[in-house]
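Colleague: Show me how the following folds:
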Amino acid sequence: MKKFALLILLAWACESPTPTAQQVVDKAIDASGTAGLNNASSLFTFRNIKYEYFTDGGRFSYARTQKDSLGNEVKDVLSNEGLKRFINNEEAIITEEKRTAYTASVNSVIYFAFLPFSLNDAAVNKSLEGEVKIADKTYYKIKVTFNAEGGGEDFEDVFYYWFDTQDFSMDYLAYSYNEDDGKGIRFRVAYNPRQINGVTVQDYKNLKPTVKDSVPLAEIDAAYENGKLTQLSLIELEDVVISIQ
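Modeller: As a prediction, this is how the structure comes out:
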């Protein structure tokens, strides 16, 4: 009898192996429909700034358009050729410091808008940190770091993502970033998920530790569960249009 029970347990273990971080991310990208963004175009508004997204194989173009304090139309275009700024449709001369800052800003909005799509970029390193429970649901906890080459200006930032073990939805994410006085930490709670042309788009509640430096990034999920985070803002995408090529 004990031998039979052991065989059942062994068979169950073989049928339900723990997935790798790569397998979790692949399933999450598939479930979200964001794989189609390899060849797609999109328009959306974030905080009254208009964004454009275009990819065609290895070619890409990300743009944001806004008005400055004088009413001029300012458009930043990030592509395979780098970043260019246009003011009233004329290319502006900018310093390399500003070019780097504008590049990071445009790229950051696009990155967050279409997660988990970018988690298979070449510069991304992924590790499975186990399974955790948040709000009575079980999640795969994935840690992400970046290589210096191809990882952008903020390659030292660390991210965590929580994927539902059943449907692989990405319900939470967190990250650290450099501030003048140390490390900043943010935790985002997804809400308002909707399907746009087969792609899942969602908004986020943006939170931080109530007491600065009181929570290690790796334990931010437990801090959320214990009510130790404070909401800062909402991350909302409006007027989203997606066209898959």
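Colleague: What segments of the protein are strands?
Modeller: 39-46, 49-56, 59-67, 73-79, 82-87, 90-91, 124-134, 137-146, 158-164, 170-179, 182-196, 199-209, 229-235, 237-244 (DSSP state E).
Colleague: can you give me the angle the last one makes with strand 49-56?
Modeller: Orientation check (axes from the mean of the first three to the mean of the last three Cα atoms, to 10 degrees): strand 237-244 against strand 49-56 gives 20 degrees.
Colleague: quick one: average confidence on strand 237-244?
Modeller: Taken as a whole, strand 237-244 has an average pLDDT of 97.
Colleague: ditto for the third one
Modeller: What strand 59-67 shows for mean pLDDT is 97.
Colleague: mind listing what's buried in it?
Modeller: Judged by neighbour count (16 or more other Cβ atoms under 10 Å), strand 59-67 contains these buried residues: 62-64. Where you see a C-beta, it was placed from the backbone N, CA and C, and this is true even at glycine.
Colleague: Buried deepest among the strands of the chain, which one?
Modeller: Sort the strands of the chain by mean neighbour count, taking mean count of other Cβ atoms under 10 Å, and strand 158-164 sits at the top with a mean of 21.
Colleague: would you turn the strands of the chain into a markdown table with distance to Ala104?
Modeller: Supplementary listing: the strands of the chain in a markdown table, determined by distance: least, Cβ to Cβ, whole Å:
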| stretch | distance to Ala104 |
| --- | --- |
| strand 39-46 | 15 |
| strand 49-56 | 15 |
| strand 59-67 | 12 |
| strand 73-79 | 10 |
| strand 82-87 | 10 |
| strand 90-91 | 20 |
| strand 124-134 | 17 |
| strand 137-146 | 13 |
| strand 158-164 | 15 |
| strand 170-179 | 11 |
| strand 182-196 | 15 |
| strand 199-209 | 18 |
| strand 229-235 | 17 |
| strand 237-244 | 19 |
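Colleague: Tell me which of the ones you listed lies nearest to Ile110.
Modeller: strand 59-67 (4.9 Å; Cβ to Cβ).
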